[in-house]
Each structure stands twice: as structure tokens, then as C-alpha cells.
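**Student:** Predicted model follows, preceded by the sequence.
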There are 2 protein chains.
Amino acid sequence: MDIKHSAQTARSASILLSAVKTGQKNKALLEIAKAIESRSGDIVEANRKDLAAAAKNGLAEPLLKRLTFDEKKIAEVCMGVKSLIKLDDPAGRTISITELDKGLMLYKTSCPIGVIGVVFESRPDALVQISTLCLKSGNAVLLKGGSEAEHTNEILAEVISGAAEKTGLPKGWLVLMHGREDVRGMLKLDGLIDLIIPRGSNEFVRYIMDNTNIPVMGHADGICHVYVDGRADMAMALKVLIDSKCQYVAVCNAAESLLVDKRIAARFLPAAQKTLVENGVEIRGCAGTRKMLKAVKAAGDRDFGTEYLDYIISVKVVDGVEEAVEHINRYGSHHTDTIVTADRKTAVRFMESVDSASVFWNCSTRFSDGFRYGLGAEVGISTNKIHARGPVGLEGLVIYKWKLTGKGHIVADYAEGRKKFKHKKI
Amino acid sequence: MDIKHSAQTARSASILLSAVKTGQKNKALLEIAKAIESRSGDIVEANRKDLAAAAKNGLAEPLLKRLTFDEKKIAEVCMGVKSLIKLDDPAGRTISITELDKGLMLYKTSCPIGVIGVVFESRPDALVQISTLCLKSGNAVLLKGGSEAEHTNEILAEVISGAAEKTGLPKGWLVLMHGREDVRGMLKLDGLIDLIIPRGSNEFVRYIMDNTNIPVMGHADGICHVYVDGRADMAMALKVLIDSKCQYVAVCNAAESLLVDKRIAARFLPAAQKTLVENGVEIRGCAGTRKMLKAVKAAGDRDFGTEYLDYIISVKVVDGVEEAVEHINRYGSHHTDTIVTADRKTAVRFMESVDSASVFWNCSTRFSDGFRYGLGAEVGISTNKIHARGPVGLEGLVIYKWKLTGKGHIVADYAEGRKKFKHKKI
């Protein structure tokens, strides 16, 4: 089936799905969890094929690990699907009611977005998470996973859509795309697809944005900062710095840059260097940093705009919170930035002026995550400035529609002064 | 000043503006209204220049009327600005609070989007409305109006930014763009501009979308439907039909298409024809319609996808609500569609399944408007499926950020099992 035809089917399914009640969606989710469990043998076998091919192609160890989908992973994703059942349905909520006039009632109600295209990396568990998040929020979904996970994704998509349809959900709400050709085709379907969520490298996200008119929700870099203010508690600052930088270096919410207030730099930097070096982190410093620390490489302008995703950190001495904010807004990626300070006023200023999805005070940048925020699962992290920002859970997969109910009301009566609007909020 | 430099200044201003309190923004709005009033002589004079040039260039009468900005218009816009003062500030609201753990509090708070680019038609009052909506919501704005209104826009922008800066608002928050070159330049500034709102023809909106990576909020066509169900009250259906079609034909929320349930068609269509013809409306009908009505032109597939913006309506006989919904989702533009029926179940089904920003029951499509919805002024109508849908007022000009405050909390404690998340909603 070509991608346009699949998308048309998904569009029709999305209309039906938008009217499905919460109870029925939850029933489908339970059926999906059961089906994954009962088909676990076949799923693991399919995954073994992918793993064998990947090993043959010399895939690196960390990638092989991400690709692995064994009994343990299956138990985890099934638990995830079941926990989704307990979350509130984000669609069908009444956001506001206004009485425009007697008998003329305006309801703003949340509803699914429609058809969502998601392109994700090689982890097969992402397929389960994304498709079930879409189902719970009432959206149809076109999915494209990594080609290394081909067999695993194929069987998972089959099991999930089969189980959902068995409970009466519309056919075709879940489409598994194949190959780059399908992705290229999808990018042109702006009448059929409402939102694209690309997960992957910056180049990939940029490529998607450059080649489609469909709205794209995603994040480019994760260039996160730790700013240590003049009034910081030194021990706390060190703790937050090390956690932000080292707790898991290869992820977007890890810190890439340390800014230090000049009022505390002479005291803080030597301690920071000691701990960073102990943790295997290489420091690249500005001129001010290098005056205070020995054996530190120079950081260029490019370093401050780099997402290392590695045991490297750029360090700059700044003249207080204003310069820190300016630096972050200029070099950062609007993802997550934290200030360490004992001064509330400075913290508030930082959090108001740093133009990032997540702005923290006295805690690690690594908290920036859908699970840690209590959103349940996460469909991705957005550095967009519209629709959804930061970790995106179920709430990011709905929009609203306006429902107006009258008794034959016409505009002419208001335009010609026979009637007047009340605009009473209920 | 080139557009990139202006946008950079606007970006810096937007950061400062995002921290300005509601009271100060309201003070600036009052100052703006006063300044427009006190400079009304100069404004009217500038407008006369534009009118004279437009008359010389043979601009059509309706366009000249839109371009006119006289004492009456000035009084109207000033009243609009003052009424904006009374509206709640959409930024700075706490949307949710979650206690992630003891002392680790997550706040989701609304905030301005940042820098918004708006390209609008020739009405100078649009400049006043849009710039003050942006100010109230804390956004910097780049504006480009119709070239016919050049002198009027120039003085309005000067008066508005001057008055705002006098009250202490940051310089450069309002930028007036000149010529198509500025607009083309703006489309490339995806690091500096967060959202573009184009108002104008469908071709123009399409051009903008095709030439930028910046999110675009706008609407293409307004192909609105009136569906008369088998269980409609005939008199009500006629009233709603005539208001939807004729109350103002040249606007996006006017009806372009009538769908009639076959169960009522033989009774309803002759009456509808009589009233439509009396109101000067030409009917283009499907085969079923033409069997029942004399002297009706044939409607082709193209008619059903056409926004006439004129005294023409396409008519189709359908086999109940399912076919009506399918037709609307296929040929409509996801703007506004209404059903006339006495049956609640059918109405609910229609409103749930029609994939439009506004779905109405027993009232005219012409109600689809920011003022009539009670939103105050309106920055535009969106047929997007993300961020904001339908009439967009202040609420559509904000997004949110996540603020997390801790006491030195680090992720390692949770990853290594020493602490557990509470995720308690406050």
C-alpha cells in the first residue's frame, strides 16, 4: 500500500477514533498489553533476527543494547501500557464554557490532533510507547522506526493494531512506514497529516523541517547550562554540576556548559576542576577560567554552541546573572538551564529571563524529562515555542475545538442591534 | 536598519518584555491610547496621503473604505486598546504545580511566545490591534502592513512604540517592516522569530508556508458548510442558512456550501431556493438537487472545494449525517461548519466527527469570530491543528515554561534508588 493511501486510511480512522470513549480506549490498551505478553515468544524471535543482522553489520555495542527487546523489555513496556490506562484522557475535556447570549453556548473542548507522523530511533520500545500514547489521546499515527529494528517493529505494529482492532477500534489507525521513500512521501501529505514528531540527530530534524509544510515538533540540540551565582552554596553547586554533567553524558538534558559568576570564580573553579577531573571530564575554558585554572584547554566561540554529549564541558566566567542570561539565550538551545544561588530574587530573574523550555533553580538539568515531571510516558522533548514545550506527554497530543450550540441564533440580530452579547463565563 | 538587526533587537526586547508586570503593560496600553488620540490630526493627515495615492492608482471602493482611518476609526481603535487593559494577562499564570519530591517543586507557567512576525492586509486598524495584543501578552512583534497604507502605518507604529517606550517598555519591541524584501528576509530568521501569522489570500499564506522553517499560524480557505438534517426545523434551517450565506458574503466564516439530508430535501430545497434567490444568491447544485429544483446550474467537484466569497452557493443532497460529515471533512477547510437538527444525538455526532476548528449546532457560521466568542480582539483565525485553533485572541500568543525549584536535588539519588518521586499534584 502506498503511503498516501495509508495516510488517507489513517485520516478516516482518526475521525472515528476521535469519537471513541475513554473506556473503550482503555480496553484497547489492556488488550494490547495482553497481546504483547502472549506473543512475547514471536516478538523475541523477531528481535533476534534484527540483532543477528546488526551484529553481522558491525553495529556498536551501545546500539545493539538499544535494539535488544527481550522478555525484560517486554515486561517493562507492558507495565508502561498499563500505567497509561490510569492516566486521565486528555481529549474530551471541557476547557471553558461561555454563554454568548441566552441559549447560545460556546464550549471549548479538547480533542485529538488527528494524524501524527513519528520518526524515531532504533529502540523498539519507542514504537510501543508512541503508538499507545497516540491511541490514548485518540490520534492515528504513522510510524517509522530504525531499519535495524525492522523485524521487531513489524511484529509489534501487527500485534498492537491487531489487538486494538479486535476491541472495535477503527482499522488503519496505526501505520508502519517502510524505508526512506515512505518518510519522503509523508512529508508531502500536508492535507492528511497534522503533525510530525522527528526524533533523532539534529541534522535529521533539520532535514525534516526543511522538507515539509506540516508542523514539526521536536528539538534540535540540548545545550544545557549550569550557572553558579555569586551567592551559591559551593557544595550544592558542585553536586548539581556533577549530576548535570556526568549522571548520563549522552543525553540531551545533560549540561554542556558551566557559567561561573566572577564573584565566586576564584573559590569555585578550583574545586569544580578537581571534581570534574575526578569524574573524567575535560574542561575547555574562557580566558578568565584559564587565568584561574592550570592545564585547561581554550574554549572558542564554537565550544559554547556545541552539544558534546561526552565527558567535556565548556566553562565561562561571567559578570553576574545578566551576562549569564544573555550568554544562555545566545548560545543555548532553549532546552534546560539551571541556576545555583541562595538568592531568591536572582533565581526569579534567571527563571523569567532565560528563554528555555525548562528553567531550574538549585537542581540538576537531568530532571528535565517526562517521567520525572510526572507526565507518564513522553513522546519527545520540544524546543518549539508554540503548542508544547519541554517534555511532551499526552497533553501535547491534543488540541481543542469550539462547539457552539444555539436555537436558531443568527448574527444579523447582533449586527443590527436587536440583540446583545452577554459573554458570561460559566 | 536591516531586518536581521531589527529582529535581533526585537528578540532582546522580548526577553525584557517577558519579565514586565501586568500593571506596567496596562500603563503602556493606556499611554498608547492617549497618544493615538492626541496625535489624531497627524494620523488622519498621513492617512489622507495614502487615500489620495490609492485613489490615483484606481483602488476599488471597498478597498478605499478599508484603508480609511479617520476620527471615527481612531475612536474605535482607542476603545479597543482600553478594553484590552481590562482583559486578564495571559502570561504569568500558573497552569499546574507538582511536588516531584520533598522540596522539589515543578511549576508550569504561561509565558509570551517571544517574537512574532505578522503580515496583514491594508486596514491600518489591524496594526493597532495586533501590536497591542502582542504587548499585552508580552511579545515583541515585527509588522508588515499593506503598502497602500504606508504613511498611516508609519505614523501609527511610531506613535505606539514611542508611547510604550515612554512608560519604560524596552526599545525595539515593535518593528515596522518595509517592502517585500523585509518579509523575505524575515522568513529566513528562524533563530530569531518564533511564529509567523500571515493574514491575506490563500496564495499568500501558502507562499509563506513554502518559504520558511518558522511555525506559521493562519488559515487557508474558509469553506464553511450548513448541513440541514432530516430532523431540522424548516424555518430555523432557512434562517440559519440565509444568515450564514448572506449576512456578509466576503468573509471567511460565510457559508459556501449547503448539504441537505435526502429525507427532507424535497420539502426544504424549494423553500431554500426561493429565499436564496430573493437574497440574490446563485445556486449550483448536484444531480439530486437539480432533479428537485428548476433553473439550477450544475455544481462540479470543483465547486464543492471553492470559497466563492460571493453570492453563490453549492448545494448537495446527502444520505444523512454520515455522508454530510464525510463530505465536509473531504471538501471543507476545517474552519466552521454547522448542523441544523432537532435531534441531539445527530448533532453530537456531527460536532464530534466534523474535523473543524468550530462546529455549530442550530446557529449561523458567522458567529465564528474572536469578538463574538468573547475573546476580546482577535489576531487571526487559525485552521492549524496545533497550538491554537479557530479565532485566536490573547491566549494564542502565549506558551508555557517549566520552572523547577529544588534544594540541591540531583537525579543520581532517584536513579540509584536512594529517593523516590512523589509526583503529587498541588
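**Tutor:** Here it is on my side, so go on.
**Student:** domain assignment for chain A?
**Tutor:** Under the assignment automatic domain parsing, the domains of chain A span A:3-218+A:390-402, A:224-367.
**Student:** So for chain B, which of those domains sits nearest?
**Tutor:** Of all the domains of chain A, domain A:224-367 sits nearest to chain B, with 3.1 Å by CB to the nearest CB. Quick note: C-beta positions are derived from backbone N, CA and C, even for glycine.
**Student:** The closest one near chain B at all?
**Tutor:** Yes. Domain A:224-367 lies within reach of chain B by CB under 8 Å from any CB of the partner chain, at A:233, A:235-236, A:239-240, A:242-243, A:247, A:325, A:329, A:347, A:349, A:351-353, A:355-364, A:366-367.
**Student:** out of these, which are inside helices?
**Tutor:** Secondary structure from DSSP state H places A:235-236, A:239-240, A:242-243, A:325, A:329, A:347, A:349, A:351-353 of the residues of domain A:224-367 next to chain B in helices.
**Student:** so which of the residues you listed comes closest to A:Phe204?
**Tutor:** Lowest distance from A:Phe204 to these (CB to CB) belongs to A:Asn329, with 25.3 Å.
**Student:** Run a quick neighbour tally on the closest one.
**Tutor:** 18 (other CB atoms under 10 Å in any protein chain shown).
**Student:** What's the separation between A:Val20 and A:Arg11?
**Tutor:** For A:Val20, the distance to A:Arg11 equals 15 Å [CB to CB, to the nearest Å].
**Student:** Correction: the previous question concerned A:Met177.
**Tutor:** Going from A:Met177 to A:Arg11 by CB to CB gives 15 Å.
**Student:** With distance to B:Gly396 and pLDDT as extra columns, can I get the ones in helices among the residues of domain A:224-367 next to chain B in CSV?
**Tutor:** Output for these, formatted as CSV (distance: CB to CB, whole Å; pLDDT from 0 to 100):
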residue, distance to B:Gly396, pLDDT
A:Ala235, 45, 98
A:Met236, 40, 98
A:Lys239, 41, 98
A:Val240, 36, 98
A:Ile242, 41, 98
A:Asp243, 37, 98
A:Val325, 27, 97
A:Asn329, 24, 95
A:Ala347, 30, 98
A:Arg349, 27, 96
A:Met351, 24, 97
A:Glu352, 21, 95
A:Ser353, 23, 95
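**Student:** Where neighbours are concerned, which of those residues has the most?
**Tutor:** Going by other CB under 10 Å, A:Val240 tops those with 28 neighbours.
**Student:** my guess is it meets A:Asn362, correct?
**Tutor:** Yes. If you go by CB atoms under 8 Å, A:Val240 and A:Asn362 touch, sitting 6.9 Å apart.
**Student:** From A:Gly23, how far out is A:Gly114?
**Tutor:** In terms of CB to CB, A:Gly114 sits 22 Å off from A:Gly23.
**Student:** what's the burial count for A:Lys385?
**Tutor:** 23.
**Student:** for the residue nearest to it when sequence neighbours are not counted, what are its contacts?
**Tutor:** In space, and not counting its chain neighbours, A:Lys385 is closest to B:Asp194: 3.9 Å by CB to CB, 6 or more residues apart in numbering or on different chains. Residues near B:Asp194 by CB atoms under 8 Å, 6 or more residues apart in numbering or on different chains: A:Lys385, A:Ile386, B:Ile113, B:Gly114, B:Val115, B:Ile116, B:Ile214, B:Pro215.
**Student:** And A:Thr98, which helix or strand is it part of?
**Tutor:** strand A:94-101 (DSSP states H and E).
**Student:** Give me the mean pLDDT for that strand.
**Tutor:** What strand A:94-101 shows for mean pLDDT is 97.
**Student:** and what of stretch A:279-290?
**Tutor:** 97.
**Student:** Would you tell me which strand is longest in chain A?
**Tutor:** Taking DSSP state E as the criterion, chain A has its longest strand at strand A:398-409.
**Student:** what's the angle from that one to strand A:94-101?
**Tutor:** Angle between the axes of strand A:398-409 and strand A:94-101 is 20 degrees (criterion: axes from the mean of the first three to the mean of the last three CA atoms, to 10 degrees).
**Student:** Sheet partners, orientation included, of strand A:398-409?
**Tutor:** Paired neighbours of strand A:398-409 in the sheet (DSSP bridges): strand A:104-112 (antiparallel), strand B:358-363 (parallel).
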